[in-house]
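Undergrad: no sequence on this one, just coordinates:
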């Protein structure tokens with residue numbers, strides 16, 4: 001018993017005589033500071049594989065220039081997280097041929113560390129989406145996307161945590177939550193981007209993340225909702241096609257324009273202090289806008305792009321279908337009366353948009369030729385007829401505003417006018433002898449008379465959607481998606497002709513003017 005008491009006393013004495021250095025070390029172990037610096041590199045909305053001549057005379061964008069930027073950032077030796085905020089499988093003329101296969105090949109050459117799909121990833125349907133995503137050699141995230149049974153999609157993550165220098169970085173992502181309306185996602189289920197981001201950010205904090213990053217394909221309204229919620233530290237976003245940098249001392253948010261014209265780099269220094277088992281994070285960002293006009297295209301990726309461009313050139317002369325009727329795109333036809341080719345183009349738009357009605361301007365049809373029955377129609381023919389690179393836009397408008405649009409289209413008769421309406425889903429009777437603005441006698445949408453108060457879904461082209469050719473009622477209508485984010489007109493027509501095979505669309509009394 002005495003021996004045990006002596007041993008206990010010696011232990012107490014040793015503790016009492018412990019060196020100040022040992023005590024200080026114990027305190028330091030409970031008050032550690034871990035630091036790291038991470039570069040977050042962001043691109044989104046990349047549709048074109050090659051670079052593009054801009055209004056200022058510079059060439060920007062494309063995968064080869066983007067590859068130079070990404071490789072240079074990764075070669076610097078620091079920590080880099082390369083994010084892609086979606087929209088890339090479509091729209092482009094090449095994607096109209098291979099349904100985005102070339103985009104996945106090029107993206108695999110410079111694989112992002114996190115990719116979230118945008119609405120255009122669903123343009124070729126659910127099966128097309130799964131096929132392309134199955135070819136991706138990079139991580140896929142979409143916390144707000146589920147299968148028809150409500151289960152997570154294969155190969156997709158909701159969130160993850162990566163560690164650099166002891167600092168834990170939480171990553172989550174969300175796709176465009178209105179993709180069922182904006183695209184062709186089938187029976188896939190989309191939940192709120194904001195709600196999913198809040199849920200995943202909370203889960204990442206619970207998982208021990210010191211710094212939380214969300215990559216989203218979302219409109220600016222949603223971006224600001226996420227910023228104001230304060231649930232993430234860094235928001236990397238796409239969809240609006242603008243160059244955007246925002247920092248409110250709590251949340252940083254960026255968007256990099258589109259087509260790789262610019263790449264946004266956010267260099268973030270993160271310090272984490274651990275004291276008493278609690279971790280406290282401080283951080284600050286530095287923003288760099290990388291203008292791809294200043295970089296030399298990567299030769300390896302440029303060579304692959306050149307191969308695809310050569311393939312595209314050959315595909316331009318492949319027949320899409322054969323016309324069983326005469327198609328007349330001469331100015332005197334398309335600008336004064338219903339034309340079979342105008343009906344064909346308008347029908348293609350109604351098929352792709354599921355709109356109640358379509359109005360396009362005859363002046364946008366520019367081939368100026370006659371295709372006799374039996375003519376094979378190629379992609380090159382479609383581009384010759386539709387050379388302006390117009391996008392298809394869909395608006396919601398009251399019947400009275402639709403009537404006003406049609407009155408505008410007929411207002412310059414009997415003179416030929418670019419605004420003359422080529423239509424689908426409509427039957428119009430008018431009298432050109434009446435004053436402009438009061439020429440329409442009757443309008444049917446489908447088989448029913450137009451109702452001035454009813455809300456209709458109408459498809460047109462972005463030129464008219466901006467009020468071009470006097471179509472102010474389209475400009476003032478509610479646009480269901482951004483004009484420059486919409487499908488290409490030429491692509492939709494190509495797909496329609498290919499799917500139809502034999503063109504039998506005639507002038508059939510859709511627009512009757514006395």
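TA: Structure received. Quick caveat: nothing in here was measured; it's all calculated off a predicted structure.
Undergrad: from now on I want contacts and neighbour counts done on CA atoms only, so please keep to that.
TA: Fine.
Undergrad: what residues are up against the nearest residue to residue 513 once chain neighbours are set aside?
TA: The shortest distance from residue 513 to any residue other than its chain neighbours is 4.8 Å, reached at residue 430 (Cα to Cα, 6 or more residues apart in numbering). By Cα atoms under 8 Å, 6 or more residues apart in numbering, the contact list for residue 430 reads 439-442, 511-514.
Undergrad: same question for residue 224.
TA: By Cα under 8 Å, 6+ apart, the contact list for residue 224 is empty.
Undergrad: can you tell me how far it is from residue 159?
TA: The gap separating residue 224 from residue 159 is 21 Å, by Cα to Cα, to the nearest Å.
Undergrad: follow-up on the earlier one: check what pLDDT the residue nearest to residue 513 gets.
TA: Note on residue 430: pLDDT of 97.
Undergrad: check the one 10 residues further on too.
TA: Reported pLDDT at residue 440 in the predicted model: 97.
Undergrad: what's the answer for the one 5 residues further on, then?
TA: At residue 445, the model reports a pLDDT of 97.
Undergrad: what does residue 342 give?
TA: pLDDT for residue 342: 98.
Undergrad: do the one 3 residues further on as well
TA: For residue 345, the pLDDT comes out at 98.
Undergrad: what's around the closest residue to it other than its chain neighbours, how many residues?
TA: Using Cα to Cα, 6+ apart and skipping the chain neighbours, the partner closest in space to residue 345 is residue 493 (6.0 Å). Per other Cα atoms under 10 Å, the neighbour tally for residue 493 reads 24.
Undergrad: over to residue 385?
TA: Residues contacting residue 385 under the criterion other Cα under 10 Å number 18.
Undergrad: do I have it right that it meets residue 370?
TA: No - the criterion here is Cα atoms under 8 Å, and residue 385 misses it with residue 370 at 11.2 Å.
Undergrad: overlap of the contact sets of the two?
TA: Common contact partners of residue 385 and residue 370 (Cα under 8 Å, 6+ apart): residue 329.
Undergrad: quick one: contacts for residue 377?
TA: 319-323.
Undergrad: residue contacts, the residue nearest in space to the middle of the chain?
TA: In the chain, the residue lying closest to the centroid (Cα atoms, centre = their mean) is residue 87, at 3.3 Å. The contact partners of residue 87, by Cα under 8 Å, 6+ apart, come to 44-47, 117-121, 239.
Undergrad: residue 265 now?
TA: Going by Cα under 8 Å, 6+ apart, residue 265 touches 39-42, 287-290.
Undergrad: ok, now residue 461?
TA: 360, 390-393, 489.
Undergrad: for residue 411, same thing?
TA: Per Cα under 8 Å, 6+ apart, neighbours of residue 411: 436-437, 439.
Undergrad: quick one: which of these is most hemmed in?
TA: Busiest of those [other Cα under 10 Å] is residue 439, holding 21 neighbours.
Undergrad: so where do the strands sit in the stretch 1-150 of the chain?
TA: Ranges of strands in the stretch 1-150 of the chain, per DSSP state E, counting those that start in this stretch, are 31-43, 52-53, 59-60, 79-84, 114-115, 140-141, 145-146.
Undergrad: from the contact counts, what lies against the longest one?
TA: Read that as strand 31-43. Helices and strands touching strand 31-43, by 3 or more Cα pairs under 8 Å, 6 or more residues apart in numbering; DSSP states H and E, are strand 79-84, strand 167-174, strand 252-256, strand 262-275.
Undergrad: okay, now the sheet partners of it, with direction.
TA: When pairing is defined by DSSP bridges, strand 31-43 lines up against strand 79-84 (parallel), strand 262-275 (antiparallel).
Undergrad: dump these into a markdown table; add mean pLDDT as well.
TA: Output for these, formatted as a markdown table (pLDDT from 0 to 100):
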| stretch | mean pLDDT |
| --- | --- |
| strand 79-84 | 98 |
| strand 262-275 | 97 |
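Undergrad: so which of these comes closest to residue 424?
TA: Ranking these by proximity to residue 424 (Cα to Cα) places strand 79-84 first, at 37.8 Å.
Undergrad: if we can go back for a sec, which of the contacts of residue 461 lies closest to residue 276?
TA: residue 393 (57.8 Å).
Undergrad: so, low pLDDT: which residues of the stretch 251-400 of the chain?
TA: Scanning the stretch 251-400 of the chain for pLDDT under 70 picks out no residues.
Undergrad: which residue ranges form the helices in it?
TA: 299-315, 331-334, 340-353, 379-385, 399-410 (DSSP state H, counting those that start in this stretch).
Undergrad: need the winner for burial among those helices.
TA: When you average the neighbours per residue for each of those (mean count of other Cα atoms under 10 Å), helix 340-353 leads with a mean of 24.
Undergrad: what lies in contact with that one?
TA: 326-329, 334, 356-360, 362, 365, 392, 394, 422-425, 459-460, 489, 492-493, 496-497, 505-507.
Undergrad: relative to residue 371, how far out is the residue nearest to residue 81 when sequence neighbours are not counted?
TA: Excluding its sequence neighbours, the residue lying closest to residue 81 (Cα to Cα, 6+ apart) is residue 40, at 4.9 Å. Counting by Cα to Cα, the gap from residue 40 to residue 371 is 53 Å.
Undergrad: residue 417 too?
TA: Remark: distance between residue 417 and residue 371 (Cα to Cα) = 22 Å.
Undergrad: so the two - more neighbours on which side?
TA: Remark: of residue 417 and residue 371, residue 417 carries more neighbours, 21 against 18, as counted by other Cα under 10 Å.
Undergrad: domains of the protein?
TA: 31-312, 319-513 (automatic domain parsing).
Undergrad: now do the buried residues in stretch 270-279.
TA: The neighbour-count check on stretch 270-279 (16 or more other Cα atoms under 10 Å) flags 270-274, 279 as buried.
Undergrad: that stretch spans what distance, first to last residue?
TA: One end of stretch 270-279 sits 12 Å from the other (Cα to Cα).
Undergrad: before we move on, what about stretch 89-100?
TA: 4 Å.
Undergrad: and that stretch, what's buried?
TA: 89-97, 99-100.
Undergrad: so what's the gap between stretch 444-452 and the chain middle?
TA: Distance, stretch centre to chain centre, for stretch 444-452: 34 Å (Cα atoms, centre = their mean, to the nearest Å).
Undergrad: and for that stretch, what are the contacting residues?
TA: Applying Cα under 8 Å, 6+ apart, the contact partners of stretch 444-452 are 356-357, 398-401, 403, 425-428, 442-443.
Undergrad: nearest to residue 52, out of those: which one, please.
TA: Out of these, the member with the shortest distance to residue 52 (by Cα to Cα) is residue 357, at 34.2 Å.
Undergrad: strands paired with the helix or strand containing residue 162, and their directions?
TA: In this structure, residue 162 sits in strand 159-164 according to DSSP states H and E. Sheet pairing for strand 159-164, assigned by DSSP bridges, gives strand 167-174 (antiparallel).
Undergrad: helix or strand right after the partner strand?
TA: According to DSSP H and E, the helix or strand after strand 167-174 is helix 179-182.
Undergrad: list the buried residues in that next one.
TA: Of all the residues in helix 179-182, those buried under the rule 16+ other Cα under 10 Å are 179-180, 182.
Undergrad: which helices and strands sit right next to that helix?
TA: Going by 3+ Cα pairs under 8 Å, 6+ apart, helix 179-182 lies up against no helix or strand.
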